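Trainee: here are the coordinates; sequence isn't available:
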């Protein structure tokens, strides 16, 4: 089974073409679109969406003379898994394959004697050494990611992505950003916005990759006793020291933050290695039961952002469950206060922040514990009616998680910070009634679910539309990359 749509030209002067789409394993991940007959045309000639494994479908087209571009996508990011696309032209057959990645391009001509220039503008990562090299791309969209390997003292190979702004000075701060459960370093780097803050403020960002837990899901072992055997404490602490040593990053200004499970892990690092991680942040994550029961809070300052209606990681206290390490800790306010009290904070203030976006149906209170030993401080951004979100990207839009955490961290470094949310170009627009994205400029599109997984990748040209009706109902984050920059957008699928 498959879905094949065509827009066949009516002109008599056209070439008959038989198009054969053959899926391999994971056939539903395979898709392609054909544009033409003029270079950089927004005219969608035909498209295909796979459904079943190892199925073959064909359709007849009549293609005008001209230039054509095939935009190939794979929703999982590992290529078409033996899937193929064949254009059976009168003079020859063209075989198109996608062996890896989320996105790739292929161009060809049909009896073209009129157009001298068949150059298509195809955005993507141009560096073959990057993990997300885009086959066929010819315009750099700034998306290249380079995964590096690190060997722990336990002789285990681990991976991370290091983002370093240009002309970064010696002894610059270092911020770890840890992905959530199911996620990976590339995913959270794509949507969290920390790189843009780093460009503005002058610090490096490390995005490590978690390993699989006992049920095969990428995770961080935040002292999850009897649930994970992965030594993430050793990996992350050793990696931080290695980066400080080899890149000259500041040992006094190294921090960790994370989303969901990554927030749990940041608390664990504050418990286990306060001499390495000098402050931590958590977005929608709390302390594991083991850490809550056994950790003696260190002098590591804490900033925590959490929605009161978070249905994944409760804002309120939870009861211990012997079969799960995720539960059995106090509420978020109690946990932040626990760290403040351990450092003898003397003052607590609650400030209602401006409700900048009344249409996000939430508002924010900033609870600050100050006057602690050696200037210790613990802060909580309570997002009233907020969910399990990376605030500022989706969910509450009155604050931006990356901006607030760096503003907090920078208080404990040599510099002070008054960071503004990075400006974004308008590359796409979302129509809620139609559940469609409309391109306002040529851009590559990535759609993330709330766990940070990429669920859709496309090239969206100016004026074209992309339907999101095939997604399960819920909130998604769309990242659009174009020549004018990066735009993030919260969308709802019904």
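Mentor: In hand now; what should we look at? Here the structure is a predicted model, which is why all the values come from computation and not from measurement.

Trainee: what about the longest helix in this protein?
Mentor: In the chain, taking DSSP state H as the definition, the longest helix is helix 232-247.

Trainee: show residues contacting that one.
Mentor: For helix 232-247, contacts defined as Cβ atoms under 8 Å, 6 or more residues apart in numbering pick out 150, 152-154, 156, 158, 160, 162, 164, 174, 176, 178, 204, 206, 208, 210-211, 220-223, 249-251, 254, 256, 265, 268-269, 272-273, 276-277. Every residue, glycine included, has its C-beta placed from N, CA and C.

Trainee: what's the burial count for residue 91?
Mentor: Counted with other Cβ atoms under 10 Å, residues neighbouring residue 91 total 7.

Trainee: helix/strand/coil for residue 264?
Mentor: Classification of residue 264 using DSSP: H, G, I helix; E, B strand; the rest coil returns helix.

Trainee: could you check how far it is from residue 312?
Mentor: Going from residue 264 to residue 312 by Cβ to Cβ, to the nearest Å gives 12 Å.

Trainee: and residue 333, helix, strand or coil?
Mentor: Recorded secondary structure, residue 333: helix (three-state DSSP).

Trainee: my guess is it meets residue 367, correct?
Mentor: Yes. Judged on Cβ atoms under 8 Å, residue 333 makes contact with residue 367 at a distance of 7.0 Å.

Trainee: spit out the residues that contact the two alike.
Mentor: Counting by Cβ under 8 Å, 6+ apart, the residues touching both residue 333 and residue 367 are 380, 382.

Trainee: which of residue 264 and residue 312 has more neighbours?
Mentor: Between residue 264 and residue 312, counted using other Cβ under 10 Å, the more crowded position is residue 264 (29 against 17).

Trainee: pass me the low-pLDDT residue ranges in this protein, would you?
Mentor: For the chain, the stretches flagged by pLDDT under 70 are 1-12, 113-116, 414-422, 450-452.

Trainee: now do the helices in it.
Mentor: In the chain, the segments counted as helices under DSSP H are 185-191, 194-201, 232-247, 261-272, 289-294, 332-342, 401-410.

Trainee: could you dump these into CSV and include distance to residue 393?
Mentor: Output for the helices of the chain, formatted as CSV (distance: least, Cβ to Cβ, whole Å):
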stretch, distance to residue 393
helix 185-191, 6
helix 194-201, 11
helix 232-247, 24
helix 261-272, 15
helix 289-294, 27
helix 332-342, 20
helix 401-410, 7
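
Trainee: of those helices, give the one that comes closest to residue 494.
Mentor: Nearest to residue 494 among the helices of the chain is helix 185-191 (21.5 Å), distances taken as Cβ to Cβ.

Trainee: now do the closest one: distance to the chain's middle.
Mentor: Mean-position distance between helix 185-191 and its chain equals 3 Å (Cα atoms, centre = their mean, to the nearest Å).

Trainee: by contact count, what packs against it?
Mentor: Packing partners of helix 185-191 (3 or more Cβ pairs under 8 Å, 6 or more residues apart in numbering; DSSP states H and E): strand 157-163, strand 174-178, strand 204-208, strand 443-448, strand 474-482.

Trainee: list the helices and strands the fourth one packs on?
Mentor: Pointing back at strand 443-448 there. strand 123-124, helix 185-191, strand 454-460, strand 474-482.

Trainee: also the third one?
Mentor: Contacting strand 204-208 under the criterion 3+ Cβ pairs under 8 Å, 6+ apart are the following elements: strand 157-163, strand 174-178, helix 185-191, helix 194-201, helix 232-247.

Trainee: show me the contacts for residue 266.
Mentor: Residue 266 sits next to 176, 178, 256, 257, 258, 277, 280, 281, 282, 285 when contact means Cβ under 8 Å, 6+ apart.
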